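Everything below, folded, please.
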Amino acid sequence: MLMLVLIAISALLAWGVFAYNRLIRLRNQSRTAWADIDVQLQRRHDLVPQLVKVVQAYAGHEAATLQAVTELRSQAMGLKQPGQIGEVEASLEHALGRLIALKESYPDLKANQNFAQLQGELVKVEEQLQYARRFYNGAVRDYNDGMQRFPDLLVAKMGGFADVAFFQAEADSRAAVKLDLQP
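Okay, here's the model as predicted:
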């Protein structure tokens, strides 16, 4: 009888260790995925001042658009939570789309090589950001699912694991940002 109790306790402990380690791996995977998003957001944020400077040289009187892009960039850089960042980044995507669209009104801007290069870099960043978002949201899904499954949720509660927020864009920003690639 004592032997059965020891085997049951050993099995329970082994399961607990396995579940805990799996949750740690899933949490670390979601953190790594967030770091990938953070890198892409930083790349975008680094491009914004350069893009604003080039546009300002040709379309300086578009102050409202330039100021909106600059303010959204500053606001986004100060946030840490994926949900909050998602909202501000969606607004920044829209503002960048408006900034890029200004080239249609300014032929000199459209012909500017720096503008074309920055626009190309921005398109690459947006593509990488899209992939990073998908990977992050998949990692978060797996982690949150792991924490909510019985009996693993018992280990999650005892281990202090908490749900992680998805990186979501606003409903109207789910369409791809349209950037004209023609110089």
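
shaky segments in this protein?
Counting by pLDDT under 70, the ranges of the chain that qualify are 60-61, 169-183.

which residues does the closest residue in space to residue 152 that isn't next to it in sequence contact?
Excluding the flanking residues, the one nearest residue 152 by Cβ to Cβ, 6 or more residues apart in numbering is residue 19, at 4.7 Å. Any C-beta I mention is one placed from the backbone N, CA and C, and that applies to glycine too. If you count contacts by Cβ atoms under 8 Å, 6 or more residues apart in numbering, residue 19 has them with 151-152, 155.

what do you get for residue 56?
In this structure, residue 56 makes contact with residue 66, judged by Cβ under 8 Å, 6+ apart.

what's the helix or strand for the residue nearest to residue 152?
helix 2-59 (DSSP states H and E).

The following helix or strand past that helix packs against which elements?
Per DSSP H and E, helix 2-59 leads on to helix 63-77 as the next helix or strand towards the C-terminus. Contact partners of helix 63-77 among helices and strands, from 3 or more Cβ pairs under 8 Å, 6 or more residues apart in numbering; DSSP states H and E: helix 2-59, helix 82-101.

Of those, give the one that comes closest to residue 113.
helix 2-59 (9.8 Å; Cβ to Cβ).

Okay, angle between the closest one and helix 63-77 too, please.
Interaxial angle, helix 2-59 versus helix 63-77 (axes from the mean of the first three to the mean of the last three Cα atoms, to 10 degrees): 160 degrees.
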